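Engineer: What follows is a predicted protein model with its sequence.
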Amino acid sequence: MTIAATECLLRMYDERYGLEDYQGGVPRWCTGCGDNAILAAVQRLCRDENLRPEKMVFVSGIGCSSRFPHYMKSYGFHGIHGRALPIAEGIKMVRPDLHVFVNTGDGDCCSIGAAHWIHAIRYNMNMTVMLHDNQIYGLTKMQASPTSPKGLKSNTTPRGAYLDGLQPLTVTLGVQNVSFVAQAVDWIPELLYDILSAAFHHKGFSFVRILQRCPEWLPNLFDPWMKDPQRLLLLHGEGGLRISPALSKAYQNQQQHDPSDLNRARELASVIDPIPVGILYRNTDVPCYEDLRRTGQPRSHDFIKAGLEAEFDKFTVWPQESGSRTTAA
Amino acid sequence: MEAELQTHIAFHLTGRRRGGQIESLDELRLLPLPFAGYRNLAELRYDFPLVLFADGADEVPVQSLSGLIDSLLQEVAQGPDGQRLRRHGLRLEQEIRAVASGTSGRVTLRTHWDAAASRLAGHGEEPLQDSLRRLRAALKRDGEVVDCDEDMPFRLLRHIWAVLRDRNARKARDTIDELAIKLSDILAAEFVRTDEGLSPEWLKAGMGSSHQNAFDFAVMSRLLSQAAPKTPLPEGRRRRIRWLLSVLTSQRFFPASKGSDAPTAAPYEFVFESCAEAVDAFRARLPEMTELAKALAMAELEVEGRYNEAKHDRLFDDFASNGLSPQELALFPDYLVLARPDEIPAALNAFAVGLPAKVLVQSDDLLQSSALAGDGLALALGTKHLATTAVGLSAVFVLQSSSSGLMRLRDQILRGFAYPGPALFNVFSGASAGAGALPPYLIAAAAAEARVFPTFVYDPSAGPDLASRFQAQMNPQSEADWPLQEFAYEDEQRQRICERLPFTLIDFVACDRRYARHFACVPRTKWNGSMVPVSEFLGPQPAPSEKVPCLLMVDDENVLQKVIVDVKLIREARRCGEMWRGLQELGGIRNSHAMKLLAEERKAWAEQQQPTRSNGGGATMASAAPAATAAASAAVSEAAEAKPASDEPYIETARCSSCDECIQINSRMFAYDKNKQASIVDPDAGTYRQLVEAAENCQVAVIHPGKPRNPNEPGLEELLKRAEPFL
Ligand SMILES: Cc1ncc(C[n+]2csc(CCOP(=O)(O)OP(=O)(O)O)c2C)c(N)n1
Ligand code: SF4
Ligand code: SF4
Ligand SMILES: [Mg+2]
């Protein structure tokens, strides 16, 4: 219930934010790093949606990509390795009024954090999740990650990775309650923006895998795709992206796709070459865990205190009790 | 023969019986023919009784017994024994209906259900027991059972109103509680930084008793006092928060939430028996409403830390100086007025002064003789009047229905209650004084069928125009003047005769003993060819001469009787028919404007068809097509970026991925725009070498170095070669 008068007043005095209002610390990423493109797209989105900086929180784990919250002038939580999602879930649970964003790397999400990832999909809590997938551990200087392609030479796989890379999209699309899955590439800013915008507007767990360049360790990894526009497959149509005429001219390999079609989404998700870009799946009917668990009970001081006491009591050792027992013995 | 006809015509014209050939209806206990099949309602499957569900947060607040049984069967009767379950379910339903019709007072469905089930089970074999068990297990909700009687409309509408009111109140209450908690939190956060909040005693009280000895609270107090920020809550804000809290916690519009132990004043009553009382209460509470609405708006800003005294103080000083807006009014519960028909003018007045009320007007008797109408019928002239008034008022939701049809209008009733403005429900209960033993349901249904109390809904929220707002098509055979009903009976020769007869006001009046004198029964031996169906007197053509209008009725043994109707009733029926036509027009049924337009269009179309058959159409289509294509390609070329001549250095800014490479090379030559995308702001701020290096380093290859601007720059030859791929 927002009171009509308040709405009016707020609109009257609404601050308009510029990009600089969202710019936190100066990024310490390598020049040329694809994370810069993601940061710019997110800041543009915040500005265009006129989000109040105190109403957003960026949560991350550990990695180059996980430094993201430092560069946003908003609330942020630079968490521990692999644990961005549980932290974000806790925040959403108690502060459903905040816009929650998660930035996680392929190591952070798909390796150490894989269990949390799977369950976060099932919980379908309303947040925007960006998987910065550079297919390598960047921060720790080039170890293979679960998404590294077969044959990739790294410090942990000097003879080349033995296994095929894990495909984050197919994994996500295989979990119950999945509600939004998209794929973007950092080098087409317009599409990256549109996809992040769609993810932001979806109510539920919006998972966006972003193929992100790491020029430091894998300078040529995506060259074949960057040089040949035919090797990107743009998904568009009703309920998905609308592609601008200019972009259409540059990227002519396109396909109509209906994001409500889960089976087709799964097929597309397993395509590695050409890289499908766009919204693979969207289902607005999946309930959000925070809504299911909302009791409506306002949390007064006393209410919280009583709850905490009850929890603590479960673990309390009462000195008197044990003392009396000792004396009796 | 001649004499007989004379007597009949005389009765028809004067309403006086002279001569013995005709009998008074008083002693005969006749029923109009269409009623013959409905003598025992409890044996039929129909909309009643209803169940008013007490629980169910977001589910429908009311369901018919038959609807409920259907949904249970849908759930339970799926397997191979589905047929059997269905049969037993329907038997149970009939039994419940019988049990319910024999009881009065407030009884719940489960009670009736169990009584009915044990009656059935008494002579039931095992499969029946099994069916009853399974159906009972599937029954999840319970509530009062209400039959279609005099009290039903009041109870039904009051119930729906209360359910919706409670839902809204719960939401409002939660909002208020939440705001109050957050406001208190601001004060509490402030308190812990005050001298008292930082005193050793207070700190000690906050620590569990078993560990108190482990701390030196005096030192803790000193340290914390030094560290605490020295910016106290401004006095103005503190006062404002206190005032907000006092308004929020003392309001009486919403009852305290369950489990809350905060003392609250008794909540206001919102149900009234007259509009005047409701208006008085509304007026008296208006200042408090305004204060609460204002406090809610202010508190929302306050808890977000967005209350800005310089901007907001002035606005809130003049809050609602033009009265509360509809959205603000919608925060508060609606008033419910349960009234009698003479309240309609008062209701319209109350709406005019802005009372946010839902008014139920219930009539029990449409045929009550009134002083005004003298000896005549005080018939529902109101109907048409109310319909046109509704359209005229335009912002009032109006629903009219006989009680028999209320269940089928459940969704519309819910819409009426949800409508953010006043609503008027005009209901005929059928519990009429002259109905004798006939059940109210039957009388109510007859009134609807006979167009005496037609159904209509005027819903201002359904759209901007009359066509979307006014509905009357739910009336039986709404296209017709009178609904035609098919009757089968045996004539004197025991021949089965099928006839389709209109059901009119006269059938309706014929059920009412008080109007018996307008009818005269003709003994079978005196029947003759001049006795024609009533309908011949109701059409647009003048009344046939040498004929008398007759109604078919049946006696207790279902033997057919013919009854002459006097001219006064014929006149009333014609008037009723005209009112119905007026209602049809409003509802867009056989609408005269539309029909006239249609006729004109048809004529014009026919004329146009004559000379040139299939010329025009194709030609226009063909010429339109290339124009469209041209426009599309123009749009494409417009959207494509304009490229400067290749001598000039440039960046395809829209494709820049903000990677910092070029900026690192020369931040005076390259700079980001407001979207954090790079462009060349000053090509002379650096060397050609820097341009070429930037182009090479650009991750997405969107930098084009152009031609060197300084022909004397060293190493140009090599640089030009390197620049080639980027030109
Ligand atoms: C529990 C734990 N294990 C291991 C590490 C070491 N570590 C830091 S970052 C990282 C991997 C980062 O890779 P990724 O998530 O892909 O992020 P990127 O740097 O590529 O953006 C690892 C293994 C750690 N910080 N904590
Ligand atoms: S190491 Fe790779 S991922 Fe990390 S900042 Fe540098 S370029 Fe980016
Ligand atoms: S080098 Fe290219 S992508 Fe990077 S900032 Fe400059 S123009 Fe943009
Ligand atoms: Mg990585």
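Structural biologist: Here it is on my side, so go on. Ligands and ions are numbered 1, 2, ... in the order given.

Engineer: any idea where the strands of chain A begin and end?
Structural biologist: Using DSSP state E, the strands of chain A run over A:56-60, A:75-78, A:99-105, A:127-133, A:136-137, A:143-144, A:180-185, A:205-211, A:232-236, A:254-256, A:275-282.

Engineer: In a markdown table, list those along with mean pLDDT, distance to ligand 2 and mean neighbour count.
Structural biologist: Any C-beta I mention is one placed from the backbone N, CA and C, and that applies to glycine too. A markdown table is the format used below for these (pLDDT from 0 to 100; distance: least, Cβ to the nearest ligand atom, whole Å; neighbours: other Cβ atoms under 10 Å in any protein chain shown):
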| stretch | mean pLDDT | distance to ligand 2 | mean neighbour count |
| --- | --- | --- | --- |
| strand A:56-60 | 98 | 13 | 25 |
| strand A:75-78 | 98 | 15 | 18 |
| strand A:99-105 | 98 | 8 | 28 |
| strand A:127-133 | 98 | 8 | 27 |
| strand A:136-137 | 98 | 7 | 26 |
| strand A:143-144 | 98 | 12 | 20 |
| strand A:180-185 | 98 | 15 | 27 |
| strand A:205-211 | 98 | 12 | 26 |
| strand A:232-236 | 97 | 21 | 22 |
| strand A:254-256 | 96 | 30 | 14 |
| strand A:275-282 | 98 | 19 | 24 |
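
Engineer: What parts of chain A come near ligand 4?
Structural biologist: Proximity of chain A to ligand 4, by Cβ under 5 Å from the ion, involves residues A:105-106, A:134.

Engineer: from the stretch 1-150 of chain B, which residue is nearest to ligand 3?
Structural biologist: B:D58 (51.5 Å; Cβ to the nearest ligand atom).

Engineer: For that residue, which non-adjacent residue is spatially closest?
Structural biologist: In this structure, B:D58 finds its nearest non-sequential neighbour in B:R167, 7.8 Å apart by Cβ to Cβ, 6 or more residues apart in numbering or on different chains.

Engineer: re earlier: want to throw the strands of chain A into a markdown table with distance to B:R340?
Structural biologist: Output for those, formatted as a markdown table (distance: least, Cβ to Cβ, whole Å):
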| stretch | distance to B:R340 |
| --- | --- |
| strand A:56-60 | 58 |
| strand A:75-78 | 61 |
| strand A:99-105 | 55 |
| strand A:127-133 | 57 |
| strand A:136-137 | 81 |
| strand A:143-144 | 84 |
| strand A:180-185 | 56 |
| strand A:205-211 | 57 |
| strand A:232-236 | 63 |
| strand A:254-256 | 63 |
| strand A:275-282 | 55 |
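
Engineer: So which of the ones you listed is nearest chain B?
Structural biologist: Closest of the strands of chain A to chain B is strand A:180-185, at 9.4 Å (criterion: Cβ to the nearest Cβ).

Engineer: ok, and what's touching the closest one?
Structural biologist: With contacts defined as Cβ atoms under 8 Å, 6 or more residues apart in numbering or on different chains, strand A:180-185 is touched by A:169, A:172-173, A:191-192, A:195-196, A:198-199, A:202, A:204-211, A:222, A:225, A:232, A:265, A:269, A:275-283.

Engineer: Is there any residue in that strand that contacts ligand 3?
Structural biologist: No: applying Cβ under 6 Å from any ligand atom, one finds strand A:180-185 out of contact with ligand 3, separated by at least 13.3 Å.

Engineer: got the CA coordinates for that strand in PDB?
Structural biologist: These are the backbone C-alpha positions of strand A:180-185, laid out as PDB (Å, rounded to 0.1, in the frame of the first residue of the first chain):
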ATOM      1  CA  PHE A 180      14.800 -16.500 -16.100                       C
ATOM      2  CA  VAL A 181      17.900 -17.500 -18.100                       C
ATOM      3  CA  ALA A 182      19.700 -15.300 -20.600                       C
ATOM      4  CA  GLN A 183      23.100 -15.200 -22.200                       C
ATOM      5  CA  ALA A 184      25.100 -12.100 -23.200                       C
ATOM      6  CA  VAL A 185      28.500 -11.200 -24.400                       C
END
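
Engineer: now it: how far from the chain's centre is it?
Structural biologist: On the basis of Cα atoms, centre = their mean, to the nearest Å, the separation between the geometric centre of strand A:180-185 and that of its chain is 10 Å.

Engineer: quick one, that strand and strand A:275-282 angle?
Structural biologist: 160 degrees (axes from the mean of the first three to the mean of the last three Cα atoms, to 10 degrees).

Engineer: Strand partners (parallel or antiparallel) of strand A:180-185?
Structural biologist: Applying DSSP bridges, strand A:180-185 is found paired with strand A:205-211 (parallel), strand A:275-282 (antiparallel).

Engineer: Can you list the low-confidence ranges for the chain?
Structural biologist: Chain wasn't specified; assuming chain A. Counting by pLDDT under 70, the ranges of chain A that qualify are A:1-14, A:319-329.

Engineer: not quite, I wanted chain B
Structural biologist: Using pLDDT under 70, chain B drops low at B:1, B:19-20, B:27-28, B:55-57, B:123-124, B:257-264, B:368-384, B:611-646.

Engineer: ok, back up a step: save the strands paired with strand A:180-185 as a markdown table, and put in distance to ligand 3 too.
Structural biologist: Formatted as a markdown table, the strands paired with strand A:180-185 follow (distance: least, Cβ to the nearest ligand atom, whole Å):
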| stretch | distance to ligand 3 |
| --- | --- |
| strand A:205-211 | 16 |
| strand A:275-282 | 18 |
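
Engineer: Out of these, which is closest to B:S225?
Structural biologist: Of all these, strand A:205-211 sits nearest to B:S225, with 46.0 Å by Cβ to Cβ.

Engineer: can you tell me if the closest one touches ligand 1.
Structural biologist: No: under the criterion of Cβ under 6 Å from any ligand atom, ligand 1 is not reached by strand A:205-211; the shortest gap measures 11.1 Å.
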